[in-house]
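**Q** No sequence on hand, only this structure:
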């Protein structure tokens, strides 16, 4: 329910912002954008604990999608070349299936060929700083860095047995955005946030097209891939998610 309240509040903000006095699109100070669409998992491998657990594929539990999702972005220009971006991105899928073998997960054994419910959450919150390297009539190039806060959970339920492994942590990320203004109203955008290391990675890239309905109000559509995971003593989990989405945004 709280997700729907957040969406409703954001839509009200977008509509109110769209009715304000018009300004040039390049002169905006704040930008709010809602992204919504469908996602599915092409990979989701789990082993918990990472060194002693039994590895299994989450798709055996039919928890792969397609599923609806949304994201909420907010940007603030703090100077001509410096921008702060904030992201709220909840994600949860669930399903019921059977495990192919006896599976040791967290601190319990789950039996094969017994109905098992799986819940996978990866809510993440990000703040990034971007520096504008180039801005012209045709191109806008930004480079920056920030932090990703992950609020994740993997849970298995089998009869009365219910085991969850929550994970809360912060990781650094790099940021890059390239925008080509194909026409004064049409913008082709590649956007990336992420970083990789020997212990794991978080890579989030999108290709989209935005169209300015007015100098403030715009819509868009695109595709996204999120790939990441960790291979440490406490957990092994690597997932890859595909997204198709539409966007609605306002500058003010």
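**A** Great, that's in hand. Here the structure is a predicted model, which is why all the values come from computation and not from measurement.
**Q** in the stretch 1-150 of the chain, which spans are strands?
**A** Along the stretch 1-150 of the chain, counting by DSSP state E, counting those that start in this stretch, strands occupy 30-47, 56-57, 67-77, 82-89, 92-97, 103-105, 108-110, 116-135, 139-158.
**Q** can I get those in JSON lines with mean pLDDT?
**A** Listed next are these as JSON lines, based on pLDDT from 0 to 100:
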{"stretch": "strand 30-47", "mean pLDDT": "97"}
{"stretch": "strand 56-57", "mean pLDDT": "96"}
{"stretch": "strand 67-77", "mean pLDDT": "97"}
{"stretch": "strand 82-89", "mean pLDDT": "98"}
{"stretch": "strand 92-97", "mean pLDDT": "96"}
{"stretch": "strand 103-105", "mean pLDDT": "97"}
{"stretch": "strand 108-110", "mean pLDDT": "96"}
{"stretch": "strand 116-135", "mean pLDDT": "96"}
{"stretch": "strand 139-158", "mean pLDDT": "96"}
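**Q** deepest of those strands, which one?
**A** strand 103-105 (a mean of 20; mean count of other CB atoms under 10 Å). C-beta coordinates here come from the backbone N, C-alpha and C atoms, glycine included.
**Q** so what secondary structure elements neighbour that strand?
**A** With contacts defined as 3 or more CB pairs under 8 Å, 6 or more residues apart in numbering; DSSP states H and E, strand 103-105 has these neighbours: strand 108-110.
**Q** who touches the strand it packs on?
**A** By CB atoms under 8 Å, 6 or more residues apart in numbering, the residues outside strand 108-110 that reach it are 99, 102-104, 116, 156, 158, 161, 163.
**Q** any chance of those in JSON lines, plus distance to residue 177?
**A** Listed next are these as JSON lines, based on distance: CB to CB, whole Å:
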{"residue": "99", "distance to residue 177": "42"}
{"residue": "102", "distance to residue 177": "47"}
{"residue": "103", "distance to residue 177": "41"}
{"residue": "104", "distance to residue 177": "43"}
{"residue": "116", "distance to residue 177": "41"}
{"residue": "156", "distance to residue 177": "38"}
{"residue": "158", "distance to residue 177": "44"}
{"residue": "161", "distance to residue 177": "46"}
{"residue": "163", "distance to residue 177": "40"}
